[in-house]
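Colleague: With the sequence up front, the predicted model follows.
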Amino acid sequence: MIAPCDYIEVGSGRRGNSHVIYSDDAGATWKLGGVVPTVAGVNPNESTVAELPGGKLLLNMRVGANENLRMSSVSNDGGLTWGVPYNETQLVDPVCQGSLLSTTIGGTFRLFFSNPAAVTRTNMTVKMSTDNGVKWDKKNVVFEGPAGYSDLVQLSDTHVGLLYEAGVAKYTNGIAFKAVAIANIK
């Protein structure tokens, strides 16, 4: 089991970063995993994690002061260490939490991602990648209005579930749930 985390150092500078905690005994005990390496002037924080084929882990992070782009980092050792983070140029983000979901449907690996896909907290979107997150060329705009944090879950071989903050005036007006047909993510 693995849980994505972030932390903030106290004291001068208040720098934060992303990391994971993990359990190899079904949650009886937990250990601190690796911290994502620092990139000059960029401090990723709230993160989401997914397992890729072959056991690699993909950690996707929100980042302040990064031209509204998210960053990702890959671990080849179960989250003990992480590669240098890179910009996700296809994942526009208003500095907001997002969600990753990895699944295999009909023998095909798919990676899903949700966030308010805009420079403001609007435009809640589910994206899909069939090449381990290299391309995010399939999408479904679920809600165009104010939207914030989200979480994805697989409902069946045909649908993913999306729980997200949404509202009419502000994204904090309420919580919404939508079953999203995978066939509509194109």
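Modeller: Now that the structure is in, tell me what you want to look at. Residues are numbered from 1 along each chain as shown.
Colleague: now the longest strand along the chain: how far from the chain's centre is it?
Modeller: The single longest strand within the chain, with elements called by DSSP state E, is strand 138-154. Centroid separation for strand 138-154 versus its chain: 12 Å, with C-alpha atoms, centre = their mean, to the nearest Å.
Colleague: cool, stretch 29-48 as well?
Modeller: On C-alpha atoms, centre = their mean, the centre of stretch 29-48 falls 13 Å from that of its chain.
Colleague: Pull out the buried residues from it.
Modeller: Judged by neighbour count (16 or more other C-beta atoms under 10 Å), stretch 29-48 contains these buried residues: Gly33, Gly34, Val35, Val36, Val39, Val42, Asn43, Pro44, Asn45, Glu46, Ser47, Thr48. To be clear about C-beta, it is placed using only N, CA and C from the backbone, and glycine gets the same treatment.
Colleague: Contacts made by that stretch with the rest, please.
Modeller: 2-6, 8, 15-24, 59-66, 71, 73, 75, 78-85, 97-100 (C-beta atoms under 8 Å, 6 or more residues apart in numbering).
Colleague: try 6 Å this time
Modeller: 4, 6, 15-23, 59-63, 66, 71, 73, 79-82, 84-85, 97-100 (C-beta atoms under 6 Å, 6 or more residues apart in numbering).
Colleague: And for stretch 179-186?
Modeller: Outside of stretch 179-186, the residues within contact range by C-beta under 6 Å, 6+ apart are Val126, Met128, Lys138, Asn140, Leu155, Thr158, His159, Val160, Gly161, Leu162.
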